[in-house]
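Student: I would like the atomic coordinates for the input below:
(one chain, ligands or ions: 1)
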Amino acid sequence: MDAVTNTWTISCALVLVVCFWNMINMVWMRPKKLEKILRNQGLNGNKYRLLFGDMKEFSMFQRSRSKHIDIDNGEEVLSHVVPFPYHALQKHGRSFITWMGWNPRVTVMDPELIKEVLTNLNDFRKARGNPFINFIGTGIVTYEGDQWVKHRKLINPAFHVEKLKNMVPAFRLSCSEMLGKWEKLVSSNGSCELDVWPHLQALTSDVISRTAFGSSYEEGIRIFELIREQSIHTMQALQSLYIPGSMFLPTKRIKRMKAINKEVNLSIRNIIDKRLKEMKGGESNYQDLLGILLESNIKEVEQHQNKTHGMTIDEVIEECKLFYFAGQETTSSLLVWTMILLSRHQEWQSRAREEVLNVLGDKDIDMDRLNHLKVVNMIFYEVLRLYPPVIGTTRMAKKDITLGGFSLPSGVQIGLPIMLIHYDEHLWGSDAKQFNPNRFSDGISKATKNQLIYFPFGWGPRICIGQNFALLEAKMALSMILQKFSFEFSPSYAHAPHIVLTLQPKYGAPLILHKL
Ligand code: HEM
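Tutor: Next up, the predicted model:
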């Protein structure tokens, strides 16, 4: 062997040793060290198990659930939707450790700690999870620091009340198209059985296509179909352990996900190019999210005479993809659980309809009138409490920090279990697990006694940017449904809430609709 070959062999061996050492450190030494630190502070949880942590047990709990459950039994609902965290809470107490693979997560149930984590952006960042989630769209939801500040500032104008007001006709149009289809389905006796879930999904995708892309609505619908397929692939990928680098393997699923990404990006880029050309040609005053976003971006660049102040086209594309996913899946989930709970609680359905008919009459519904609906609002708040579309969120300690009495080393995740908190009897009282919109009759602060025990839209600086958009759309849809139909469960309805990124009804929502 000559000297060059010798040096080469030694270098390769060294690289291999370093890689091996890093790997051992990542999957064994670091988790064991963190486990010791966390346990010494009285935090309980399962012992760390090599590579998988709690993930195998997590899947086992999911698999052993019954097929469907009693809608009136809140305990059963909770243990069905989040079986593993529910079990961990019973077994290990109100702050507990779980293992997401080799990463420890400390879940906290104390409202003061939750507030601190969601408010303090200096010490806590969004947890870096499985990178497959990025296929759904990165955008503002994943950014940190200056990049997040810049994007939030540029996107905010798109969700101002005045802009939302202009979107109301688009909401109304999409809803009346859906109801037109329902009216055709009712038989001569004025009733029909219908699984409303796919219709509500189509409604919210239609709304987002119109309000995000306005005139480019047709292309918007195709993009939506691709994003829907992408979210199914993503969910499947998220259910298994992520091995670093596995994203680059040429498996069938990964190839399809990359192809979808390419097609979606290209379609959105074409829409943006067309729009920018129109804007250069003097057209302005776009009322859709994309138009408002591009205008806000152009203003920012002009103000600072510098392109680094605005977003790149690639960044705008990511934001558009995010609007689709964040805006569609969540609002359809809110609407379907509302129809399901109002089928179960007919007295609330009647109260809501009475209010809708009194406040809105049969005139065209506008934003001011929708804002006068009180019972409908109370119902939505209660549905979001018991069936939050996003059942929890996480953050990660950016550095070694103290949270309450706990010293958390840098990199430890903090679990903020929205659904567990919403069902907690210590925080909400003995009727926590029952459907009772009356608790919101004097608003959220009264119902929560000013504690952070209700956060279906998150909290703090990173609170959901689209919450007013979602609530306005949901109010429009429910009001128009209540004006035309009453509804009840079909005998084939089976209650089985499950998570496909958002909380969804596993067997759909077959209801009997009666034309009024
Ligand atoms: C019922 C409907 C909705 C629910 C329950 C919901 C829930 C949430 C939650 C819990 C968060 C915070 C996540 C965290 O802190 O980790 C969030 C953030 C966000 N949501 Fe929503 N959302 C809804 C509708 C929408 C809509 C309609 C849009 C846009 C069209 C949207 C866009 C966003 C964005 C961009 C963020 C990230 C904000 C940031 O990080 O600054 N959401 N949402």
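
Student: K36 - how many residues pack around it?
Tutor: Residues near K36, counting by other CB atoms under 10 Å, number 10. For the C-beta atoms, the positions are set from N, CA and C on the backbone; glycine is no exception.

Student: three-state assignment of it?
Tutor: helix (DSSP: H, G, I helix; E, B strand; the rest coil).

Student: does any part of the helix or strand hosting I414 sit near the ligand?
Tutor: Taking DSSP states H and E as the definition, one finds I414 inside strand 413-416. No. With CB under 6 Å from any ligand atom as the criterion, the ligand is not reached by strand 413-416; the gap is at least 7.9 Å.

Student: as a whole number, average confidence for the next helix or strand along the chain from that strand?
Tutor: Per DSSP H and E, the first helix or strand lying C-terminal to strand 413-416 is helix 418-422. Averaging pLDDT along helix 418-422 gives 98.

Student: Packing partners of helix 418-422?
Tutor: On a contact count with 3 or more CB pairs under 8 Å, 6 or more residues apart in numbering; DSSP states H and E, helix 418-422 meets helix 74-81, helix 83-92.

Student: C-alpha coordinates for the shortest one, PDB please?
Tutor: By that I understand helix 74-81. C-alpha atoms of helix 74-81 as PDB (Å, rounded to 0.1, in the frame of the first residue of the first chain):
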ATOM      1  CA  GLY A  74     -66.200  11.800  27.500                       C
ATOM      2  CA  GLU A  75     -63.700   9.600  29.300                       C
ATOM      3  CA  GLU A  76     -64.000   7.000  26.500                       C
ATOM      4  CA  VAL A  77     -63.700   9.700  23.800                       C
ATOM      5  CA  LEU A  78     -60.500  11.000  25.400                       C
ATOM      6  CA  SER A  79     -58.900   7.600  25.900                       C
ATOM      7  CA  HIS A  80     -59.900   6.700  22.300                       C
ATOM      8  CA  VAL A  81     -58.400   9.800  20.600                       C
END
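
Student: That one: which residues count as buried?
Tutor: Neighbour counts using 16 or more other CB atoms under 10 Å place 74, 76-81 of helix 74-81 among the buried residues.

Student: With the longest one instead?
Tutor: For helix 83-92, a neighbour-count test (16+ other CB under 10 Å) marks 83-86, 88-89, 92 as buried.

Student: Contacts made by it with the rest, please.
Tutor: Helix 83-92 has contacts (CB atoms under 8 Å, 6 or more residues apart in numbering) with 44-45, 54, 57-58, 61-62, 64-65, 78-79, 96, 98, 107, 109, 392, 415, 417, 420.

Student: 6 Å instead, please
Tutor: Helix 83-92 is contacted from outside by 44-45, 58, 61, 78-79, 96, 98, 417, using CB atoms under 6 Å, 6 or more residues apart in numbering.

Student: ok, the buried residues of helix 83-92 vs the ligand, which is closest?
Tutor: P85 (16.2 Å; CB to the nearest ligand atom).

Student: just to revisit the earlier point, any idea which of the helices and strands packed on helix 418-422 gets closest to A447?
Tutor: A447 sits nearest to helix 74-81 of all the helices and strands packed on helix 418-422, at 16.6 Å, using CB to CB.

Student: List just the one of the helices and strands packed on helix 418-422 that sits closest to N6.
Tutor: helix 83-92 (52.6 Å).

Student: C-terminal to the closest one, what's the next element?
Tutor: Once the chain leaves helix 83-92, the next helix or strand it forms, by DSSP H and E, is strand 95-100.

Student: Could you tell me which residues make contact with Q239?
Tutor: If you count contacts by CB under 6 Å, 6+ apart, Q239 has none.

Student: Need the pLDDT of it.
Tutor: We note a pLDDT of 73 for Q239 in this prediction.

Student: likewise the one 3 residues further on?
Tutor: At Y242 the predicted local distance difference test score is 76.

Student: ok, it touching G129?
Tutor: No. Counting by CB atoms under 6 Å, Y242 does not reach G129; the two are 8.2 Å apart.

Student: Which residue is the nearest non-sequential neighbour of R30?
Tutor: Spatial nearest neighbour of R30, chain neighbours left out: W102 (7.3 Å); criterion: CB to CB, 6 or more residues apart in numbering.

Student: close enough to count as contact, that neighbour and P31?
Tutor: Yes. In this structure, W102 is within contact of P31 by CB under 6 Å, at 4.8 Å.

Student: Any residues of the stretch 301-450 of the chain in contact with the ligand? List them.
Tutor: Residues of the stretch 301-450 of the chain lying near the ligand (CB under 6 Å from any ligand atom): 322-323, 326-327, 330-331, 334, 389-390, 393.

Student: can I get the residues you listed in TSV with secondary structure, neighbour count and pLDDT?
Tutor: Output for those, formatted as TSV (DSSP: H, G, I helix; E, B strand; the rest coil; neighbours: other CB atoms under 10 Å; pLDDT from 0 to 100):
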residue	secondary structure	neighbour count	pLDDT
L322	helix	21	88
F323	helix	25	87
A326	helix	23	87
G327	helix	22	86
T330	helix	25	95
T331	helix	27	97
L334	helix	25	98
P389	coil	25	98
V390	coil	21	97
T393	strand	19	96
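
Student: To what extent is the closest residue to the ligand within the chain buried, counted in neighbours?
Tutor: Across the chain, the shortest distance to the ligand (CB to the nearest ligand atom) belongs to G466, at 2.3 Å. Using other CB under 10 Å, G466 has 22 neighbouring residues.

Student: Roughly how far does V376 sit from E355?
Tutor: Going from V376 to E355 by CB to CB, to the nearest Å gives 6 Å.

Student: all helices of the stretch 301-450 of the chain, in order?
Tutor: Here the stretch 301-450 of the chain has its helices, by DSSP state H, counting those that start in this stretch, at 313-344, 346-360, 367-370, 375-386, 418-422, 425-428, 444-448.

Student: If we go by neighbour counts, what in the third one is buried?
Tutor: Meaning helix 367-370. Residues of helix 367-370 classed as buried: 367, 369-370 (neighbour count, 16+ other CB under 10 Å).

Student: What parts of the chain come near the ligand?
Tutor: Within reach of the ligand by CB under 6 Å from any ligand atom, the chain has these residues: 140-141, 152, 322-323, 326-327, 330-331, 334, 389-390, 393, 456-458, 462, 464-466, 469-470.

Student: ok, now which ones touch I71?
Tutor: Contacts for I71 were tallied using CB under 6 Å, 6+ apart; they are 344, 495.

Student: helix/strand/coil for it?
Tutor: Assigned by three-state DSSP, the conformation of I71 is coil.

Student: Can I take it that L513 is in a strand?
Tutor: Yes. L513: assigned to a strand according to three-state DSSP.

Student: any chance of the helices and strands packed on helix 418-422 in JSON lines, plus mean pLDDT?
Tutor: Shown next, in JSON lines, are those (pLDDT from 0 to 100):
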{"stretch": "helix 74-81", "mean pLDDT": "95"}
{"stretch": "helix 83-92", "mean pLDDT": "95"}
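
Student: Now render the ones you listed as CSV, adding distance to L276.
Tutor: As requested, the helices and strands packed on helix 418-422 are exported to CSV (distance: least, CB to CB, whole Å):
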stretch, distance to L276
helix 74-81, 44
helix 83-92, 46
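
Student: Between these, which one is closest to L294.
Tutor: Closest to L294 of these is helix 74-81 (CB to CB; 39.1 Å).

Student: how far away is the residue nearest to M235 when sequence neighbours are not counted from L43?
Tutor: Using CB to CB, 6+ apart and skipping residues adjacent in sequence, the residue nearest M235 is V500, 5.3 Å away. V500 sits 31 Å away from L43, going by CB to CB.

Student: and these two? which has more neighbours close in?
Tutor: Shown here are V500 and L43; by other CB under 10 Å, L43 has more neighbours (20 against 14).
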